[in-house]
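Novice: Sequence first, predicted coordinates after that:
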Amino acid sequence: MTNAAPVHVPPLAPGQTLPTPRVLRTHVALYVRDPVASGRWYGEVLGMEQVASEPRWVFMSFGQKHHDIALIRAQTPAELGTIGLQHYGLEIAGDLDELRRLYGMLLRREVHIVKITDHKAGIGVYFTDPDGNRLEFFCETATTDEEGKRLMTEHSAASDPTSLVPLFD
């Protein structure tokens, strides 16, 4: 909050609801040891393109938006993945075979795999970048958003360990 004059906030009227955002895009900013080296990793492993950089940061895009991930040089070791972000989920285009191919790609690149999880609405492969930031490739198995919501509710946002056979084709 700034040092601006106090603002009177009136109570909600009966039946009145507060607005909620309609999110059009998301991005995440991650602390890393070396933004340039991390940018290369994100380019090679996730196929991202670098859209802007300076010594303190690198901005990466999956190709549609101006940026999806910002890689910021950490000033102290405490900033490196120890608090804050739990993971950044990346919903993939394609089916479970595509997820299996991506899993195979991660294994070939010797990327640390954290876990593979059945969320009932989809399957996730969790892995870390070189600075310990956790990412997830997620494949929706629910056929509609409504079905996904129903499954998340019925299974209390399940995060059950599962296995996945990688594809190396």
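Specialist: The structure has been received and is ready for your questions.
Novice: Where do the helices of this protein begin and end?
Specialist: 35-46, 96-108, 145-154 (DSSP state H).
Novice: Turn these into a markdown table, including distance to I72 and mean neighbour count.
Specialist: To be clear about C-beta, it is placed using only N, CA and C from the backbone, and glycine gets the same treatment. Formatted as a markdown table, those follow (distance: least, CB to CB, whole Å; neighbours: other CB atoms under 10 Å):
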| stretch | distance to I72 | mean neighbour count |
| --- | --- | --- |
| helix 35-46 | 7 | 18 |
| helix 96-108 | 24 | 17 |
| helix 145-154 | 31 | 13 |
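Novice: out of those helices, which comes closest to Q75?
Specialist: helix 35-46 (12.3 Å; CB to CB).
Novice: Take the closest one, keep the C-alpha atoms, and write them as CSV.
Specialist: Output of helix 35-46 as CSV, limited to C-alpha atoms (Å, rounded to 0.1, in the frame of the first residue of the first chain):
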residue,chain,number,x,y,z
PRO,A,35,19.9,-16.3,-16.5
VAL,A,36,21.8,-16.8,-19.7
ALA,A,37,22.6,-20.5,-18.9
SER,A,38,19.1,-21.0,-17.7
GLY,A,39,17.7,-19.4,-20.9
ARG,A,40,19.7,-21.9,-22.9
TRP,A,41,18.3,-24.8,-20.8
TYR,A,42,14.7,-23.6,-21.3
GLY,A,43,15.4,-23.2,-25.0
GLU,A,44,16.8,-26.7,-25.4
VAL,A,45,14.5,-28.6,-23.0
LEU,A,46,11.2,-26.7,-23.4
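Novice: between that helix and helix 96-108, how many degrees?
Specialist: Per axes from the mean of the first three to the mean of the last three CA atoms, to 10 degrees, the angle that helix 35-46 makes with helix 96-108 is 140 degrees.
Novice: what mean pLDDT does helix 35-46 have?
Specialist: When pLDDT is averaged over helix 35-46, the result is 95.
Novice: Not counting its own residues, what contacts that helix?
Specialist: 30, 32, 48-50, 53, 55-58, 60, 62, 69, 71-73, 90, 105-106, 109, 111, 129-131 (CB atoms under 8 Å, 6 or more residues apart in numbering).
Novice: do stretch 149-166 as well
Specialist: 96, 99-101, 103-104, 107, 115-121, 123, 125, 142.
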